[in-house]
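Q: requesting a structural model of the entry that follows:
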Amino acid sequence: MSARPGGALSRQLGLLDSVAIIVGVVIGVGIFRVPASIAEYLSSPLLVLGVWVVGGLLALCGGLCYAELSAAFPRTGGDYVYLRESYGPCLGFLFGWTQLLVIRPGNLAGIAYIFAEYAAYFAPLPAWGLRALAVAAIALLTGLNLWGLRFGRAAQHLLTGAKVLGLLLLALAGLALAEGANLEASVQPPSQLPLPLALGTALIFAMWTYGGWNESTYVAGEMKNPARDLPRSIALALFLIVGLYLTLNAVFLAGIPPAELPKSGMVAAVVVERFLGGPGGGLVALLVTVSALGALNGTVLTSSRLTYAFGADHPRFALLAGVHPRFHTPAAALLLNGLWSALLVCSGTFDQLIGYTSAVTWLFFALIAAGLFVLRRRHPLLERPYRVWAPLPPLFIAASLWLTYCAVDYSPLGSLAGLGILLAGLPLYYLIRPAPRA
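A: Numbers count the residues shown, from 1 in each chain. Purely as a prediction, here's the structure:
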């Protein structure tokens, strides 16, 4: 997408505006489900809390790397622009291709699975029933967004408050604790991985919950003083988010015995039910269910626009840019995203869906951070209003490559599928790229 001639984004956003955007994007529904997955790999509450701290610091490192990139290239497109400027159009295409078939639909399927698990609080379902309910939610919201943007937007407005209410109720449950969390390791976790791999796998799940920190830099072109306010807003927002996540995890650890936590997918509902009784757990389950629907609706809406843009940029995929003649919505993109996400839901569990997306996600993060050094060498005179502290990019690159390895070790088949789709885009790019001019 390119700006119209003579047009420019209006710089109206300040520090607090950026903090609000980051917090709103990052805090989703993962915190209501991921702690149970982490407990599969770590038995020590201190290690569990440490993973959340490390995850926040890693997100901060990545966010500051992105801050330099977005301040130097304040353009629409984010990651796509950074990869294209660093390595050329081929890698930019591969990123868009992978977003299309791996990252976005995988995240959509994961959110749908969380919705189904919490909805099943009211009527327990077998595994196939959970998948059917998740697919039904994807189909319903895809149809709603296909019907018209105003319906998808109205649904989003109705669903956004549930997340805040759920978090407040959990905070109240935490205040009701008579004793703090037991910080001593008790039982052996179900997984018997060596500690480095166990920590890496747990961190993969935690980072899924921190997801969205990289999107915070997309508003750099609309900030009054991005060089000053962007890194400050990233640091402040992540400080608030880490504090909230640590508080909630302390509540979970205090409310659920370590031996039971891996089996308690609906950790939020289980904890509140134990402190406030059955009605409290039911209320939290309802709030998380509605919140997950809101996150799912937003993901359906935004993912279809990304698919639409991909089709508009590449003539061979022009079908994906098709617009419904009556409803004026990206019908082809919505249908493709809905069908592919539904297939992913049917293919595995929540944990397996995370394995499908994680390896390619962290591989691209490593490439984008490494692109900092490529761009500094290729464009030494380019104005950089903000320059990240020198040790952070190598640290983030190393952590990203480590998490890529941990993701492959955790889910070899899922990672192979995601990486296979990525590599399949390579011959496709050379097949569809325009012929060079004579």
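Q: quick one: low-confidence ranges for the stretch 51-200 of the chain?
A: Within the stretch 51-200 of the chain, the segments meeting pLDDT under 70 span 74-77, 148-166, 168-187.
Q: switch to 80 and redo it
A: Low-confidence segments of the stretch 51-200 of the chain, defined by pLDDT under 80, are located at 71, 73-78, 80-81, 147-192.
Q: how much space separates residue 258 from residue 43?
A: Computed as Cβ to Cβ, to the nearest Å, the residue 258 to residue 43 distance reads 6 Å. In this view, the C-beta of every residue, glycine as well, is placed from N, C-alpha and C.
Q: what's around residue 409, how many residues?
A: The criterion is other Cβ atoms under 10 Å. On that basis, residue 409 has 15 neighbouring residues.
Q: now do residue 128
A: Residues contacting residue 128 under the criterion other Cβ under 10 Å number 9.
Q: mind listing what it touches?
A: The neighbours of residue 128, taking Cβ atoms under 8 Å, 6 or more residues apart in numbering as the test, come to nothing; the list is empty.
Q: surely it forms part of a helix?
A: Yes: if the criterion is DSSP: H, G, I helix; E, B strand; the rest coil, then residue 128 is within a helix.
Q: what about it, distance to residue 362?
A: 31 Å.
Q: same thing with residue 338?
A: Here the criterion is Cβ to Cβ. By it, residue 338 lies 26 Å from residue 362.
Q: check residue 67 too.
A: For residue 67 relative to residue 362 (Cβ to Cβ), the value is 19 Å.
Q: residue 18 is in contact with residue 231, isn't it?
A: No: Residue 18 sits out of contact with residue 231 when judged by Cβ atoms under 8 Å, with a separation of 10.1 Å.
Q: and these two? Which one has more around it.
A: Remark: of residue 18 and residue 231, residue 18 carries more neighbours, 25 against 22, as counted by other Cβ under 10 Å.
Q: and the more buried one, what element?
A: If you go by DSSP states H and E, residue 18 is part of helix 15-26.
Q: run the chain-centre distance for that helix.
A: Shown here is helix 15-26, whose average C-alpha point lies 15 Å from the average C-alpha point of the whole chain (Cα atoms, centre = their mean, to the nearest Å).
Q: could you identify the helix or strand that succeeds that helix?
A: Once the chain leaves helix 15-26, the next helix or strand it forms, by DSSP H and E, is helix 34-38.
Q: pull out the buried positions in that following helix.
A: If you call a residue buried by 16 or more other Cβ atoms under 10 Å, then helix 34-38 has these buried ones: 34-38.
Q: more neighbours: which of residue 67 and residue 362?
A: Neighbours of residue 67 and residue 362, each counted by other Cβ under 10 Å, are more numerous for residue 67; the result is 26 against 22.
Q: part of a helix, is that one?
A: Yes: remark: residue 67 belongs to a helix, assigned using three-state DSSP.
Q: that one touches residue 231, doesn't it?
A: Yes: look at residue 67 against residue 231 with Cβ under 8 Å: they come within range, at 5.0 Å.
Q: okay, buried residues for the one helix or strand residue 95 maps to please.
A: Using DSSP H and E, the secondary-structure element containing residue 95 is helix 89-98. Of all the residues in helix 89-98, those buried under the rule 16+ other Cβ under 10 Å are 91-98.
Q: now swap in stretch 271-282 and tell me
A: Those buried within stretch 271-282 under the rule 16+ other Cβ under 10 Å are 271-273, 275-276, 280-282.
Q: distance between that stretch and the chain's centre?
A: Its chain's C-alpha centre and that of stretch 271-282 lie 28 Å apart, by Cα atoms, centre = their mean.
Q: then stretch 409-429?
A: 19 Å.
Q: which of the residues in that stretch are classified as buried?
A: Within stretch 409-429, the residues that qualify as buried are 410-411, 414-415, 417-419, 421-422, 425, 428-429, counting by 16+ other Cβ under 10 Å.
Q: swap in stretch 189-208?
A: With the criterion 16+ other Cβ under 10 Å, stretch 189-208 contains buried residues 189, 191, 193, 198-208.
Q: in this protein, which residue is most central in space?
A: The central residue of the chain, meaning the one whose C-alpha is nearest the mean C-alpha position (Cα atoms, centre = their mean), is residue 211 at 3.3 Å.
Q: quick one, phi/psi of it?
A: phi -50, psi 140 (degrees, to the nearest 10).
Q: ok, now how distant is it from residue 289?
A: Residue 211 sits 20 Å away from residue 289, taking Cβ to Cβ as the criterion.
Q: which ones are touching the spatially closest residue to residue 241 that is not a sequence neighbour?
A: Once flanking residues are discounted, residue 241 sits nearest to residue 26: 5.5 Å by Cβ to Cβ, 6 or more residues apart in numbering. When contacts are counted by Cβ under 8 Å, 6+ apart, residue 26 touches 59, 210-213, 216, 237-238, 241.
Q: of all those residues, which two lie farthest apart?
A: Using Cβ to Cβ, these span at most 13.7 Å, a distance reached by 211 and 237.
Q: isn't residue 426 right up against residue 94?
A: Yes: applying Cβ under 8 Å as the test, residue 426 and residue 94 come out as touching, 6.7 Å apart.
Q: between the two, which contacts overlap?
A: In contact with both residue 426 and residue 94: no residue, using Cβ under 8 Å, 6+ apart.
Q: got a pLDDT number for residue 217?
A: We note a pLDDT of 63 for residue 217 in this prediction.
Q: now do the one 5 residues further on
A: pLDDT, the model's per-residue confidence, is 63 for residue 222.
Q: do the one 10 residues further on as well
A: Residue 232 carries a pLDDT value of 85.
Q: tell me which helix or strand it sits in.
A: helix 226-255.
Q: so what does the helix or strand just after that helix touch, helix or strand wise?
A: Sequence-wise, the next helix or strand downstream of helix 226-255 (DSSP H and E) is helix 267-276. In terms of contacts (3 or more Cβ pairs under 8 Å, 6 or more residues apart in numbering; DSSP states H and E), helix 267-276 is packed against helix 161-175, helix 226-255, helix 278-313.
Q: nearest to residue 140, out of the ones you listed?
A: Across the helices and strands packed on helix 267-276, the minimum distance to residue 140, taken as Cβ to Cβ, is reached by helix 278-313, at 8.9 Å.
Q: next SSE downstream of that closest one?
A: Reading on from helix 278-313 to the C-terminus, the next helix or strand found by DSSP H and E is helix 331-347.
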